Every structure is written in structure tokens, then in C-alpha cells.
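A.B. asks: Take this sequence and fold it.
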Amino acid sequence: MRQLTVLLILIFSATCTFAQADGKKNTVYVNLTNPLIFGSKAFVIGYERVLTKNQSFTFNIGRNSLPAFGGSGSDSLKLEKNLNDKGFHISADYRFYLAKENKHDAPHGVYVGPYYSYNSFSRSNQWLLNSESFDGTVNTNTSLSINTVGVQLGYQFIFWKKLAVDFMLLGPGMGAYKIKAELNTTLSADEEALFFDKLNGYLQDKIPGYNLVIDEGEFQKNGSVKTTTLGYRYMINVGFRF
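C.D. replies: I've put the predicted structure just below:
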């Protein structure tokens, strides 16, 4: 087993060594992270352009999707239907490939640099509400938007001159979060609090790190929250160079 491990490491190292810079300045990516987190409807593509031997610029755009809510709910509030969902992603970054740390020119090796990203999500649902003052269906539209500015650290492997595997390892930043839930009917304060409490639970289950940045008490009171706090970016891309 030890010999096999050593052999695999040698093969991997040799593959990276032979992936020398060859004049290819363009890479088209597919983002693997968003579908894993948000489901198969999420699809983001990217483009990287090498500007100098140690610098490049990337741009990403695509569809986001908040996963469908699930669960049977409580006796007074139950989810009937997931009606539709919409979402959008756009981001850009500037990369400095560290000459002292890398044997190869961009886009191969360790990189750092600033980034900006925007993510939006919107989901419509139909609920069955049974209370003292209301018995029927209620439609909701929940929207979430996130603007993040930060710095990143990553590493990009180049295999066989054309295959790029990009790992964005660290991406701390500051994020502006805005979430709002709208109802299609007027409810009492207690019934609205019931709705918003239930929605808050679903969002906590579906969005990684949601409970770390959203004040659930404020959301439960009025169905909306605006806050600026620490954000984060992590991403794995697979690309084709040309």
C-alpha cells in the first residue's frame, strides 16, 4: 500500500511538472461547488484571461437556485407547494500568481487577489394556514441577496496542458445581506411571526452559514433583515484551456 501511494504521488508530480506554460491564455470553467450546495439547477460558468506571466482576470456568471423546501410542517402551518425559484450569480476577481512560490507561469500555481461576488435567490411557496382567524392557503415570496467583497487564496493545477482544476481555498470578505419575505394576504402579528419563524427554519437548513449572519429575531418580527457582516467564498472549478 505504501509503495502504491508513493507511485501515485510520483505520477501526480510528474503530470504537474510537464504542464508547462504553452502560450494558452484563455480558460473556460464550470463551477462544481454551487450544484453541490444548492442542487442541480445551479449552474455557473467562468472565464479566465491571462494578462501577464503572473497575473490574470476571471469572470463568472450563471444561475443560482435555492433548494425546494420540504417537511410536513406543524398542525397550524403546512407547506403545500414549491411554486418556482429564481437565482443569479455574478463574480469577478483579479489574480496574482506568486512568482516566488510557483515554478510555472500563470495560470498554474498559488494565487492571491481581490474578488467581488453577487448572489441572489428567490423562491415562491404555497402554504396551508389553519388558525383562529384564518383558514386557507397563503402564498409567499422569499428573496435573498448577498454582495461580498474580499480577498482570496487559491491554487490551480494544469494537467496535459488543457485541463485546469482550480481550488479557491480561502476567501474571507465583507458581505451585505438582504432577506425579505412577502405574503399575499394580511395576517395578524402572531400569524406572521409563525410564518417567519417557519421560513427561518427552512432557510437555516438550506443555506450554509445562514444562522451565523442573519438575526433570526429581527426576521421573525417583520420578515426582513439587512446586515453587513463577515462573508466567505469557496469554489472548485474545472476548466478547458485554449
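
A.B. asks: quick one: low-confidence parts of the chain?
C.D. replies: 1-21, 71-74, 216 (pLDDT under 70).

A.B. asks: Show me what counts as buried in the longest strand seen in it.
C.D. replies: When the chain is parsed with DSSP state E, its longest strand is strand 135-159. Of all the residues in strand 135-159, those buried under the rule 16 or more other C-beta atoms under 10 Å are 138, 140-148, 150, 152, 154-158. Bear in mind the C-beta positions are built from the backbone N, C-alpha and C, glycine included.

A.B. asks: From residue 67, how far off is the spatially most central residue of the chain?
C.D. replies: Nearest residue to the geometric centre of the chain (C-alpha atoms, centre = their mean): residue 34, 5.2 Å. Remark: distance between residue 34 and residue 67 (C-beta to C-beta, to the nearest Å) = 12 Å.

A.B. asks: Next, the residue sitting furthest away from the middle of the chain: secondary structure please.
C.D. replies: Computed with C-alpha atoms, centre = their mean, the residue of the chain farthest from its C-alpha average is residue 132, at 40.4 Å. Look at residue 132: counting by DSSP: H, G, I helix; E, B strand; the rest coil, its state is coil.

A.B. asks: quick one: residue 110 and residue 100 touch, right?
C.D. replies: No: counting by C-beta atoms under 8 Å, residue 110 does not reach residue 100; the two are 9.4 Å apart.

A.B. asks: So for those two, which residue has more residues nearby?
C.D. replies: Neighbours per residue (other C-beta atoms under 10 Å) separate residue 110 from residue 100, with residue 110 holding more: 17 against 5.
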